[in-house]
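K.L.:
return a 3D structure for these sequence lines:
(one chain, ligands or ions: 4)
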Amino acid sequence: MPDFVDLHLHTNHSDGRQPPREVVDFAVALKLKAIAITDHDVVTGYIEAAEYARDKDIEVIAGIELSASNGTDDTHLLGYLFRPDDKPLLETIERFRRIRYERGKKMVEKLAGLGLIVDYGDVLKIASHAAVGRPHLAEVMVNSGFVDSYNDAFDKYLGLDGPVYVPKAKLTPAEAIKLIHEAGGVAVMAHPALTDRDNMIAEMVADGLDGMEVFHPTHTRAIRKKYRQIAARHGLFVTGGSDSHSRKGRYGDIGQEHVPFEYLAGMKEAWQKRADRR
Ligand code: AMP
Ligand code: ZN
Ligand code: FE
Ligand code: FE
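P.N.:
Numbering: from 1, shown residues only. Ligands and ions are numbered 1, 2, ... in the order given. Alright, predicted model coming up:
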């Protein structure tokens, strides 16, 4: 059997449900050769997973998923193989965490203005390790009986056009790519078909984008072919993973995308080339 990797995984340090150790154990049971923990805006899940996997037969590589916006369009960038103790990187993600905390508080105040009283402490409790976001608020609203469902909370209050929505600060793609590069890593455009932002690709390539996520549970066969071609045209390496948020949860299950080991080797080659140029 060929060796497989899964290079897009979330843990409960962001919006995944499983603790890092459980993700590692499951990946080991699947005999995956390597995994990357790519939590949103945090590296603590990766650090815990890497520590735990030290004496196990699996490689855990550093990852992170950052949201970026050029003002009009949003996209997700994945960073890999960076130094997890890089100061500018850690300071930036810590700053965004504080901004999210204040934003959450503002949304709770807006809800109160509509007569829906939510205890911010309850929201923070649900967020747990993760930086607080709208999904946590939606969950409290469901628990309080203010809405019938999670989607209802977004449709009526928390969505982009909803009365409670507060925009959130984001890095530009150029800033996100630079942050990853300066921390010694490589930058990959995440699930391009899911975010549907082909118009941003050329600019990101000019900003130093290194790779393109082609394997993703939301990508059809035709979409994979399309992005493989785009990657080849721009000299980007190809990568992918399940984007698992839990077993049987959002997007794929761990290991569901059968990404051959050679793609991680391709990523490392590009990483080495970038390191040599520094
Ligand atoms: P935040 O980062 O706090 O703005 O929350 C973003 C997250 O909220 C996304 O990753 C989705 O999981 C969820 N979300 C955003 N819009 C919707 C929507 N219309 N319906 C359901 N979930 C949504
Ligand atoms: Zn996520
Ligand atoms: Fe994403
Ligand atoms: Fe993701």
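
K.L.:
where does the residue of the chain most remote from its centre fall, secondary structure wise?
P.N.:
Farthest-out residue of the chain from its mean C-alpha position, per C-alpha atoms, centre = their mean: Gly115, at 33.8 Å. Using DSSP states H and E, Gly115 sits in no helix or strand.

K.L.:
please report the distance of it from Tyr157.
P.N.:
Between Gly115 and Tyr157 the computed distance is 12 Å (C-beta to C-beta, to the nearest Å). From N, CA and C alone the C-beta is placed, and that goes for glycine too.

K.L.:
now Pro173
P.N.:
29 Å.

K.L.:
more crowded one of those two?
P.N.:
Using other C-beta atoms under 10 Å as the criterion, Pro173 and Tyr157 rank with Pro173 on top: 27 against 22.

K.L.:
which non-adjacent residue is nearest the more buried one?
P.N.:
Nearest in space to Pro173, with sequence neighbours left out and distances taken as C-beta to C-beta, 6 or more residues apart in numbering, is Ala68 at 4.4 Å.

K.L.:
any idea what the one you found is bridged to?
P.N.:
As for beta bridges, Ala68 partners with Thr75, Leu171 under DSSP bridges.

K.L.:
residue contacts, it?
P.N.:
Contacts for Ala68 (C-beta atoms under 8 Å, 6 or more residues apart in numbering) come out as Asp74, Thr75, His76, Leu77, Lys170, Leu171, Thr172, Pro173, Glu175, Ala176.

K.L.:
quick check, pLDDT for the residue lying closest to the fifth one once chain neighbours are set aside.
P.N.:
Just to be clear, that refers to Lys170. For Lys170, ignoring the flanking residues on the chain, the nearest one in space by C-beta to C-beta, 6+ apart is Ser69 at 4.2 Å. What the model reports for Ser69 is a pLDDT of 94.

K.L.:
likewise Met204?
P.N.:
Looking at Met204, its pLDDT stands at 97.

K.L.:
CA atoms only for the helix or strand containing it - export them in CSV, please.
P.N.:
Using DSSP H and E, Met204 sits within helix 201-206. Extracted in CSV, the C-alpha atoms of helix 201-206 (Å, rounded to 0.1, in the frame of the first residue of the first chain):
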residue,chain,number,x,y,z
ILE,A,201,-4.5,33.9,-7.7
ALA,A,202,-2.3,36.0,-9.9
GLU,A,203,-1.7,38.6,-7.3
MET,A,204,-0.9,36.0,-4.6
VAL,A,205,1.6,34.4,-7.0
ALA,A,206,3.2,37.8,-7.4
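
K.L.:
out of the contacts of Ala68, which end up buried?
P.N.:
Among the contacts of Ala68, those scoring as buried are Thr75, His76, Leu77, Lys170, Leu171, Pro173, Ala176 (criterion: 16 or more other C-beta atoms under 10 Å).

K.L.:
distance check, the first one against Ser67.
P.N.:
I take that to be Thr75. From Thr75 over to Ser67 the distance is 8 Å, taken as C-beta to C-beta.

K.L.:
wait, what's in contact with the closest residue to Gly252 other than its chain neighbours?
P.N.:
Sequence neighbours aside, Ser242 is the residue nearest to Gly252 in space, at 3.2 Å (criterion: C-beta to C-beta, 6+ apart). For Ser242, the contact set (C-beta under 8 Å, 6+ apart) comprises Asp6, His8, Leu9, Pro217, Tyr251, Gly252, Asp253, Ile254, Gly255, Gln256, Glu257.

K.L.:
for Ser242, grab phi and psi.
P.N.:
Reported as degrees, to the nearest 10, the phi and psi values for Ser242 are phi -80, psi -20.
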